[in-house]
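A.B. asks: give the three-dimensional model of this entry:
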Amino acid sequence: ISSSLNMQHLTKCLTNKGAKFVHISTAFVHGDCTGTPESPLTEELFPLRKYDPLELYRSMLETQSYASSAMHDLGFPNTYTFSKSICEHLLSRDKDVDTLIIRPSIVGPAIQEPFEGWAGKIPSTIVAAGVLHLTWQWNLYSSGDQKAAVIPVDVVCRHVLSKAFGGSSSDTSTDHNLSESDTVDHSPPLSEEEGSYQKLSRLS
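C.D. replies: The predicted structure is shown next:
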């Protein structure tokens, strides 16, 4: 949270007053709320009810008791998603910086760039899957057809770049909860030249 707030402040201090600050959050910032294809979660800040985000942040830096109680009360499964949600609230307070919040789901291997399957030298998603398999093996099994909330890293990068160098976002706003269901065009390809990467990268 601190680094994000510092970067937003740095953006404000730049000579180019038209500079935009793009913050990468996560799609899982809605606490105990779960969306469906028919009723998706809103692209708005998750209501913290009686809790003040600044006080929660201060608690995180100190005893963590107040923040820990709030995290469980609001239904967040872990500190990662909880801190992301708090960070969104704090970033949204500064109206002097053109801030855009992007919420990708689980970022997986690339679909095309720099090549299909690329996941970096230390692919965190794959490593995490291995740890889960060794620790809680039942977490990796499911019966029937289920969609995984994973999006290719190159699709996320293309989206971020298009938003970062696009028009002004006018004021602090949250962008798409990027996931496979948001970006994949499920219609059959019209031609081989169209390419899977292009079909996955409908970012407008």
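A.B. asks: L74 is in contact with R49, correct?
C.D. replies: Yes: assessed by C-beta atoms under 8 Å, R49 is found in contact with L74 at 7.1 Å. Any C-beta I mention is one placed from the backbone N, CA and C, and that applies to glycine too.
A.B. asks: between these two, point out the one with more neighbours.
C.D. replies: Of the pair R49 and L74, L74 is the one with more neighbours under other C-beta atoms under 10 Å, namely 20 against 9.
A.B. asks: quick check: the gap between the more buried one and T15.
C.D. replies: Look at L74 and T15: by C-beta to C-beta, to the nearest Å, they are 40 Å apart.
A.B. asks: cool, L90 as well?
C.D. replies: 25 Å.
A.B. asks: do P37 as well
C.D. replies: P37 sits 45 Å away from T15, taking C-beta to C-beta as the criterion.
A.B. asks: same question for N78.
C.D. replies: Taking C-beta to C-beta as the criterion, N78 is separated from T15 by 39 Å.
A.B. asks: just how off-centre is stretch 90-108 within its chain?
C.D. replies: The offset between the C-alpha centroid of stretch 90-108 and the centroid of the whole chain comes to 9 Å, using C-alpha atoms, centre = their mean, to the nearest Å.
A.B. asks: again with stretch 2-20
C.D. replies: Between the mean C-alpha point of stretch 2-20 and the mean C-alpha point of its chain there is a distance of 20 Å (C-alpha atoms, centre = their mean).
A.B. asks: residues contacting that stretch, please?
C.D. replies: Contact with stretch 2-20 is made by 21, 23, 61, 87, 90-91, 94, 96-100, 164, 168-169, as judged by C-beta atoms under 8 Å, 6 or more residues apart in numbering.
A.B. asks: just the buried members of those?
C.D. replies: In the contacts of stretch 2-20, burial by neighbour count holds for F21, H23, C87, L90, L91, V97, D98, T99, L100, S169, counting by 16 or more other C-beta atoms under 10 Å.
A.B. asks: now, those that are in helices?
C.D. replies: Among these, the ones falling in helices (DSSP state H) are C87, L90, L91.
A.B. asks: all good on my end, thank you.
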